[in-house]
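> With the input below, show me the fold.
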Amino acid sequence: MLCGLGGFSLLLGLASREQRLQRWTRPLSGLVWAALLALGLGFLFTGGVVSAWDQVPFFLFVIFTVYAMLPLGMRDAAAAGLASSLSHLLVLGLYLGPQPNSQPALLPQLAANAVLFLCGNVAGAYHKALMERALRATFREALSSLHSRRRLDTEKKHQEHLLLSILPAYLAREMKAEIMARLQAGQGSRPESTNNFHSLYVKRHQGVSVLYADIVGFTRLASECSPKELVLMLNELFGKFDQIAKEHECMRIKILGDCYYCVSGLPLSLPDHAINCVRMGLDMCRAIRKLRAATGVDINMRVGVHSGSVLCGVIGLQKWQYDVWSHDVTLANHMEASGVPGRVHITGATLALLAGAYAVEDAAMEHGDPYLRELGEPTYLVIDPRAEEDEKGTAGGLLSSLEGPKMRPSLLMTRYLESWGAAKPFAHLSHVESPVSTSTPLPEKALSSFSPQWSLDRSRTPRGLDDELDTGDAKFFQVIEQLNSQKQWKQSEDFNPLTLYFREKEMEKEYRLSALPAFKYYAACTFLVFFSNFIIQMLVTNRPPALTITYSITFLLFFLLLFVCFSEHLTKCVLKGPKMLHWLPTLSVLVATRPGLRVALGTATILLVFSMAITSLVFLPAASNCPFRAPNVSFTASNLSWELPGSLPLISVPYSVHCCVLGFLSCSLFLHMSFELKLLMLLLWLAACCSLFLHSHAWLSDCLIARLYLGALDSSLLRPGVLKEPKLMGAISFFIFFFTLLVLARQNEYYCRLDFLWKKKLRQEQEETETMENLTRLLLENVLPAHVAPQFIGQNRRNEDLYHQSYECVCVLFASVPDFKEFYSESSINHEGLECLRLLNEIIADFDELLSKPKFSGVEKIKTICSTYMAATGLNATSGQDAQQDAEQSCSHLGTMVEFAVALGSKLDVINKHSFNNFRLRVGLNHGPVVAGVIGAQKPQYDIWGNTVNVASRMESTGVLGKIQVTEETACALQSLGYTCYSRGIIKVKGKGQLCTYFLNTDLTRTGPPSATLG
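Model prediction:
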């Protein structure tokens, strides 16, 4: 016994101090169990006469400890528990069996012991199973929360990259906050403000330089390209320009067809912004010069630069594109249009800021541009000192490129541009860690190696875990450490370390009001303890009628409780009965969801077990009338009965103690019962048991000892030791179980609260992740059409190739407000043009709001160019390459575009009414084949190209205010849909010669059957 006690103490000390022994939890747990078992067996034969009831509470403690306290698996715990039970039964059976029949019947006592041990094993296994299940659930939720957190971080990174690919950082923060507000208030809704205006994200910047660049000869070249070649060529060209812009601290603003413009000095002011733009322009011309020399393709670059101030930001609600506005921007645009191919055309303002960094020469030209002619200021061409060297260095490049079979210029240029290696749109998102799938197999080995009673460190984590989780992610190990039961005593942001209450009152209230579907299993296991007590008392008592009646009533109450708890499983049977009983299945739902009802039923159930555990003592006399302690009783009376006259057998006294111990266990079976209520119940039961066996009924223990040691020849055996005294060992057992179950109750409370906390965190993070995913989708769809966005998000991303698509029939609209150019002015009254842009923002935002209407769902906004609105229909239909349809079906969306154009005019009329203006819309429509694609790595942009787009733009620019101008082909198509068009006549269109155009009758109602003529 001493060896076992010493070994147990040594192992306990090692386990609590030596971290390295923590990896040997299983063998160490086995040694602890063996030491406890050795102590128990030693106690059996120490301190007096060996009896069948000796050390039953201690072995019950060993059995329960193996399940509830030691870090063993279920199989190991069950083996240890059964071995402990059998060792007690076999040792006492073999020891007491051959002895003379001087003690009560051995078999009923061993049977009662077996029932006790069986109940202890079942209760321990039940406790372990539920705790392991809860721990695994908490572990999974913790990992799911970790995955969700990583996914959330990824979504935030995606948003950051998406926003920064559209907007500067300072503007992105403001707009992101408004989008979050819109998402929380409901999709598509706009937060209420104190005025009737839409939010305006425009600021004024002074001291900037604006560069416009146009590729001369690109339109003819593009007409020879396939869709893939065109998108690749544009992406490589503008990707190269983006690289040059980054080198020279310039910000690309927008791509308009083959026009590229950028600004230096945004968003942060730069002292050398003019030099940056000039250097960039020279490098762009040099890149095109090298391209022309290497491929022989006749293209060139025309660049214009002007320095001044700008208004910069975003207008509208959809398809955000960072843009700049001011008279200085307009002047830079005209500088490019009137420039010389291969040269950088600058104004006097820019020249003054160059401070002699570059040599220049007078433009010396009669400006054909009326805008510049009206200004009357001199302009200059920058002399590139590298131009002659480039011509010499590339003299032989053309000859080498023409060797072999002759290639189309467009194909030759595409091949050469591929060598530049420009990044693809959204390629930066591939470097962002992809979201972790929540379906990742959980590391069960990590959980099986985990035990709440032993602290974990990184060295205990199995090697296989490294393959399933990122070992560099310390958050995973923080999750494991938080599941360590020792954490309940440490300071936490979530818990009070003393009471374990949540620091947030709302969370504490939510926890206490949460549903508990497992309550029925708690009640069922408590009934098992009650039934074990019943069997034990039936085995060791003479079954008086009053005891039988009491148990009958109690059985009825328990069956009623179990029926209420499990009534939902009887739904099918109840529904077949009378309708008046159909409400019965809802009882179990009420119990699971009503905390007050659960507490009342749980408390009543435990009190019922408590009361029935000591019922047999009620039938014993309260007065101290023990016949075995009479003076005239000698050792010759050793054959006296073990029963008190008119009462129960004396052997029922120690088994009443054992039943009280089972009563303690019943309190621990309600895992989710609050710690303070368990503490109160355990204290009341401890006080009741101690007062019974140490005070009011203590004489029964003395009487039992007197009978057991009656006729002892050895004076040393007249009184037993402490280990054999029923009332003292009972009291010790009560205190041992009280403190053990108190520790378990607190640990259970900690894990129940931790499980609730992780579930709540997981729900919150999933909701936040969903919000972030919606925000990412919204942002991406603000750059790309809804049918294109999936190509660049999630697992559907295809970065290995550029997105391009050709369409056979797309209707393109250009709608402008030409009067806005005259309306725009820069003065102190309108904050240097800011208030003018506020009105333009209202116009574009109201136009954008039309896109949310179901009938205009097929309309795709492409971009805005100052006060010009560009949109298209037919882009979300099946491409012409995949489906060959007749003209009427394939171009049926033209009617939608016409109605959208009329709606734009109506919106503008409403704005005129409220702003006291007289703006009128000028609209151009055309339909035909186009190529769509996404280009630009720094600021990816969806655009469409083709002759159809160019002609639609000319239809607007040559149109008439208040009219919708269309080509002859589009007029025929619209008439087939029931619209009326009338001829305008022959007009001159730049780049297209003489064209016959038509005006559309803007009456909203169609004319019905098509008429014979267009006009």
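
> any idea which element H306 lies in?
strand 300-314 (DSSP states H and E).

> just the CA coordinates of that strand, formatted as CSV?
Extracted in CSV, the C-alpha atoms of strand 300-314 (Å, rounded to 0.1, in the frame of the first residue of the first chain):
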residue,chain,number,x,y,z
ASN,A,300,3.3,55.2,-84.0
MET,A,301,2.6,57.0,-80.7
ARG,A,302,1.3,60.6,-80.3
VAL,A,303,1.7,62.1,-76.9
GLY,A,304,0.4,65.3,-75.3
VAL,A,305,1.3,66.7,-71.9
HIS,A,306,0.0,69.6,-69.9
SER,A,307,0.5,70.7,-66.3
GLY,A,308,-2.1,72.3,-64.0
SER,A,309,-4.8,71.2,-61.6
VAL,A,310,-7.5,68.5,-61.7
LEU,A,311,-10.6,67.3,-60.0
CYS,A,312,-10.2,63.5,-59.4
GLY,A,313,-12.4,60.8,-58.1
VAL,A,314,-15.3,58.5,-59.1
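
> Helices of the stretch 301-450 of the chain, start to end?
327-337, 348-354, 370-375, 387-393, 397-401, 409-418, 444-448 (DSSP state H, counting those that start in this stretch).

> Could you give the number of residues near Q206?
When neighbours are counted by other Cβ atoms under 10 Å, Q206 registers 11. For every residue, glycine as well, the C-beta is placed using N, CA and C.

> count of neighbours near the nearest residue to it once chain neighbours are set aside?
Closest residue in space to Q206, ignoring its immediate chain neighbours: S309 at 4.1 Å, by Cβ to Cβ, 6 or more residues apart in numbering. When neighbours are defined as other Cβ under 10 Å, S309 has 20 of them.

> partners of the strand holding H306, with directions?
Strand 300-314 pairs in its sheet with strand 201-216 (antiparallel), strand 323-325 (antiparallel), strand 344-347 (parallel), by DSSP bridges.

> could you give the angle of it to helix 327-337?
Angle, strand 300-314 to helix 327-337, by axes from the mean of the first three to the mean of the last three Cα atoms, to 10 degrees: 160 degrees.

> Just the buried residues of strand 300-314, please?
Across strand 300-314, burial judged by 16 or more other Cβ atoms under 10 Å covers 300-314.

> ok so, going back, any idea how far the residue nearest to Q206 lies from S269?
11 Å (Cβ to Cβ, to the nearest Å).

> which residues are in contact with both of those two?
H205, G207, V208 (Cβ atoms under 8 Å, 6 or more residues apart in numbering).

> list the contacts for A872?
V810, C811, V812, L813, V859, E860, I862, M897, V930, I944.

> pretty sure it is in a helix, no?
No - under DSSP: H, G, I helix; E, B strand; the rest coil, A872 sits outside any helix and is assigned strand.

> quick one: pLDDT of it?
pLDDT, A872: 93.

> got it, and T896?
So, for T896, pLDDT stands at 90.

> what helices or strands is the helix or strand it falls within leaning on?
Element membership for T896, per DSSP H and E: helix 894-915. Helix 894-915 sits against strand 804-816, helix 834-850, strand 859-865, strand 868-873, strand 922-935, helix 968-976, with contacts defined as 3 or more Cβ pairs under 8 Å, 6 or more residues apart in numbering; DSSP states H and E.

> okay if I get these as a markdown table plus distance to Q99?
As requested, the helices and strands packed on helix 894-915 are exported to a markdown table (distance: least, Cβ to Cβ, whole Å):
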| stretch | distance to Q99 |
| --- | --- |
| strand 804-816 | 97 |
| helix 834-850 | 99 |
| strand 859-865 | 99 |
| strand 868-873 | 103 |
| strand 922-935 | 95 |
| helix 968-976 | 113 |
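
> Let me know which of the ones you listed is the nearest to A35.
strand 922-935 (71.8 Å; Cβ to Cβ).

> What strands flank that closest one, and is each parallel or antiparallel?
By DSSP bridges, strand 922-935 pairs with strand 804-816 (antiparallel), strand 941-945 (antiparallel), strand 964-967 (parallel).

> and the end-to-end length of stretch 362-369?
16 Å (Cα to Cα, to the nearest Å).

> ugh, typo on my part, it should be stretch 960-974
Rule used - Cα to Cα; the end-to-end distance of stretch 960-974 is 19 Å.

> Tell me which residues are up against it.
811, 818-819, 887, 891, 894-895, 898, 901, 905, 920-928, 951, 955-956, 958-959, 981, 984, 995-1000, 1002, 1014.

> Report pLDDT for the closest residue to G905 other than its chain neighbours.
Among residues not flanking G905 along the chain, L921 sits closest, at 4.9 Å (Cβ to Cβ, 6+ apart). At L921 the predicted local confidence, pLDDT, stands at 93.

> Thought D819 was touching L921, still the case?
No - at 9.6 Å, L921 and D819 do not qualify as touching, with contact defined as Cβ atoms under 8 Å.

> neighbour count winner among those two?
L921 (27 against 16).

> Pop out the phi and psi values for the more buried one.
phi -90, psi 140 (degrees, to the nearest 10).

> which ones are touching it?
Contacts of L921 by Cβ under 8 Å, 6+ apart are A815, S816, V817, A901, L904, G905, L908, L961, G962.

> Kindly indicate which of those lies nearest T605.
L904 (72.9 Å).

> Need the pLDDT of that closest one.
Confidence score, pLDDT, at L904: 93.

> got it, and Q187?
Q187 carries a pLDDT value of 49.

> Same question for D886.
Note on D886: pLDDT of 49.

> Repeat that for the one 4 residues further on.
pLDDT, S890: 64.

> in what helix or strand does the spatially closest residue to K128 that is not a sequence neighbour lie?
Distances taken as Cβ to Cβ, 6+ apart put Y67 closest to K128, at 4.4 Å, once the chain neighbours are dropped. Assessed by DSSP H and E, Y67 sits inside helix 56-68.
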